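*Asks:* What follows is a predicted structure for the sequence shown.
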Amino acid sequence: MGSKTIDEEEKFRKMSSALKRGWTMLHDTCPRCGTPLFKKPSGEIICVYCNIPVKLVSSEEEAEEVRIELALRHVRANLIRYLSHLSDKLEPSENEDLDILTRMNTAAGVLLKVENMIYRRRLK
Ligand SMILES: [Zn+2]
């Protein structure tokens, strides 16, 4: 993303459209592109240029918590992709199915643990 040039025209077009919708422009800027962030009436904070939600943190500790949460979600997404990939290989007549099922079982066990970690962090 670093070398990507910012299309200033598009940036201002998107910013003015956000203002027209009544979104609040914040002092904080997007860590990726430097565009001022906007707060929607729902409370969600987004970068209108990158079209990504942004989570504002007030301390390094809080930032670390967000990084861990994102890392866990990333692991979860990879595990689900892996399980899906394995299940595509299942063939009713193949005798390698047991091997595939064993691997799926292991991955599903890890996925459950990751889900549990994500769930428990939400309760904190
Ligand atoms: Zn941005």
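*Replies:* Received the coordinates, thanks. Since the model is a prediction, treat every value here as computed from it, not as a measurement.

*Asks:* Does residue 57 belong to a helix, a strand or coil?
*Replies:* Here residue 57 is coil, with the state taken from DSSP: H, G, I helix; E, B strand; the rest coil.

*Asks:* which residues does it contact?
*Replies:* Contact partners of residue 57, counting by CB atoms under 8 Å, 6 or more residues apart in numbering, are 63, 65-66. Using the backbone N, CA and C atoms, a C-beta is placed for each residue, glycine as well.

*Asks:* Now tabulate those in CSV and tack on secondary structure.
*Replies:* CSV is the format used below for the contacts of residue 57 (three-state DSSP):
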residue, secondary structure
63, helix
65, helix
66, helix
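
*Asks:* Return the members of those residues classed as buried.
*Replies:* Neighbour counting over these (16 or more other CB atoms under 10 Å) leaves no buried ones.

*Asks:* Within reach of the ion, which of the residues you listed are there?
*Replies:* Taking CB under 5 Å from the ion as the test, the ion is in contact with none of the contacts of residue 57.

*Asks:* Which strand or helix spans the nearest residue to residue 87 once chain neighbours are set aside?
*Replies:* Closest residue to residue 87 apart from its sequence neighbours, by CB to CB, 6 or more residues apart in numbering: residue 104 at 6.7 Å. Here residue 104 sits within helix 97-123, counting by DSSP states H and E.

*Asks:* mind checking how far that helix is from the chain centre?
*Replies:* 19 Å (CA atoms, centre = their mean, to the nearest Å).

*Asks:* Repeat that for stretch 6-21.
*Replies:* The answer for stretch 6-21 is 24 Å, by CA atoms, centre = their mean.
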